[in-house]
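A.B. asks: pasting a predicted model and its sequence here:
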Amino acid sequence: MRQFVSQRVQQVPPSGIRKFFDISATMDDVISLGIGEPDFVTPQAILEAGIRSLELGQTHYTSNSGTLELRQAVSAYLERLYGIEYDPVREILITVGVSEALYLVITGIIDPGDEVIIPEPSFVSFGPEVVFAGGVTVSIPTHIENEFQVTAAEVEAAITPRTKALLISYPNNPTGAVMTRKRLAELAAVAEKHDLIVISDEIYDRLVYGDFHHTHFATLPHMRPRTVVLGGFSKSHAMTGWRLGYAVGPETIIAAMRKIHQYTIMSAPSVAQIAIADTLANVEEDVAQMRAEYDRRRRLIVGGLNEVGLSCFEPLGAFYAFPNITASGMDDMTFSERLLQEERVAMIPGSAFGVSGTGHVRASYATAYEKIEEALERLHRFMQRHG
């Protein structure tokens with residue numbers, strides 16, 4: 001028989017995150033710092049609204065765009081947070097998590113051979129989604145010396161006549177890096193100069209620490225007409241399993257995304273939509289409490305990693321630390337495998353997020369404070385043997 005799997009799919013390796021998740025699931029007494037999965041329960045008000053919707057039998061398809069009530073709630077939410085207005089009818093699409101939103105926007109704008117610039121390290125889905133759409137990824141490495149922030153000069157140097165889009169994600173997964181408004185404005189100027197679409201994955205926008213304030217990319221000068229912002233509630237509202245995200249942007253691009261969504265998905269889960277639409281404005285205290293606890297864990301894990309000799313810059317967003325592990329004398333894949341086998345601590349090799357992640361590992365602090373303390377003790381034993 002001939003080979004039926006497409007060349008595009010064959011050239012993309014399996015997710016490096018899932019590999020370690022699957023291995024650790026077969027082992028006992030594992031402390032997982034691998035998956036970006038909040039350990040909090042969804043806020044009670046959202047749970048109760050979801051249960052109520054089930055009891056009322058609200059379990060049917062919604063509009064392809066999502067319920068109007070949720071789109072209105074998202075519009076009000078973004079205006080309250082960032083002072084930007086989106087039309088709930090024409091400029092907002094509710095999706096099955098940000099993962100679907102990413103698929104839709106890439107598929108909606110990319111023609112075969114189009115190039116998409118992606119700063120790395122980046123979330124594992126970014127490059128593969130471009131490949132699946134027939135596009136070409138152009139990776140730009142970022143480095144700890146620059147706090148993993150991409151520069152406008154680096155982006156401009158990577159632009160060719162085939163470049164169509166810039167795909168960024170700050171706060172960043174896996175590094176925890178954030179971008180200042182000044183540096184984002186410099187990226188915006190390059191995008192305008194070269195007539196690029198900017199896709200800004202802002203799923204971690206509510207998880208920033210210290211005095212840092214997140215910048216919604218479309219609020220930058222001249223960016224609203226050429227920016228699609230992807231967001232959701234999985235991380236900030238502890239709703240990963242509810243599978244709910246959104247995309248906001250220019251009407252023409254949102255319409256293209258909606259068309260693909262119509263044929264591929266139909267609509268996001270109705271119960272999740274109803275639950276968050278009824279409560280989004282009323283759970284800010286829950287979000288703030290979770291963010292404060294993440295901040296406490298952040299300080300614990302960064303301090304602990306540095307103490308055991310794994311140099312780690314201070315992440316100011318998301319819930320990941322990205323330490324350099326060269327002091328162990330191992331590459332990041334070997335380090336992760338041996339740490340899991342010897343001490344039952346799961347971290348993800350940095351190279352799973354692109355070549356520039358080599359020599360690092362991603363450690364999530366979206367788990368209990370006490371588990372992080374125990375993981376650091378195990379890591380200390382590991383580094384005493386190998387560091």
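C.D. replies: Received, thanks. Numbers count the residues shown, from 1 in each chain.
A.B. asks: if I look at Met179, how far off is Val208?
C.D. replies: In this view, Met179 and Val208 are 11 Å apart by Cβ to Cβ, to the nearest Å. Backbone N, C-alpha and C define where each C-beta goes, glycine included.
A.B. asks: who has more neighbours, the two?
C.D. replies: Counted by other Cβ atoms under 10 Å, Met179 and Val208 do not tie: Met179 has more neighbours, with 26 against 20.
A.B. asks: tell me who's in contact with the residue nearest to the more buried one when sequence neighbours are not counted.
C.D. replies: In space, and not counting its chain neighbours, Met179 is closest to Tyr170: 4.3 Å by Cβ to Cβ, 6 or more residues apart in numbering. Going by Cβ atoms under 8 Å, 6 or more residues apart in numbering, Tyr170 touches Gln149, Ala177, Val178, Met179, Leu184, Ser200, Glu202, Gly317.
A.B. asks: what's the helix or strand for Tyr170?
C.D. replies: Counting by DSSP states H and E, no helix or strand carries Tyr170.
A.B. asks: quick one: Gln273 from Leu230, how far?
C.D. replies: Applying Cβ to Cβ, the value for Gln273 to Leu230 is 17 Å.
A.B. asks: in the stretch 1-150 of the chain, which spans are strands?
C.D. replies: Listed in chain order, the strands of the stretch 1-150 of the chain (DSSP state E, counting those that start in this stretch) span 31-32, 92-95, 115-120, 136-141.
A.B. asks: do I have it right that Gln208 meets Arg298?
C.D. replies: Slight slip there: residue 208 is Val, not Gln. No - counting by Cβ atoms under 8 Å, Val208 sits too far from Arg298 to count as a contact (10.8 Å).
A.B. asks: correct me, but Leu250 touches Ile92?
C.D. replies: That one is not Leu; residue 250 is Pro. No - Pro250 lies out of contact with Ile92 (Cβ under 8 Å); the separation is 11.6 Å.
A.B. asks: so for those two, which residue has more residues nearby?
C.D. replies: For Pro250 versus Ile92, neighbours defined as other Cβ under 10 Å are more numerous around Ile92 (23 against 17).
A.B. asks: residues contacting the more buried one?
C.D. replies: Residues in contact with Ile92 (Cβ under 8 Å, 6+ apart) are Ser65, Gly66, Arg71, Val74, Ser75, Tyr86, Tyr246, Ala247, Val248, Ile254.
A.B. asks: quick check: end-to-end length of stretch 304-311?
C.D. replies: One end of stretch 304-311 to the other measures 10 Å (Cα to Cα, to the nearest Å).
A.B. asks: which residues does that stretch contact?
C.D. replies: Looking at stretch 304-311 with Cβ under 8 Å, 6+ apart, the contacting residues turn out to be 312, 321, 323-325, 327-328, 363, 372-373, 376, 379-380, 383, 387.
A.B. asks: over to stretch 284-302?
C.D. replies: Here stretch 284-302 has contacts from 33, 38, 40, 43-45, 176, 206-207, 209, 236-238, 312, 314-315, 319, 321, 363, 365-367, 369, 372-373, 376, using Cβ under 8 Å, 6+ apart.
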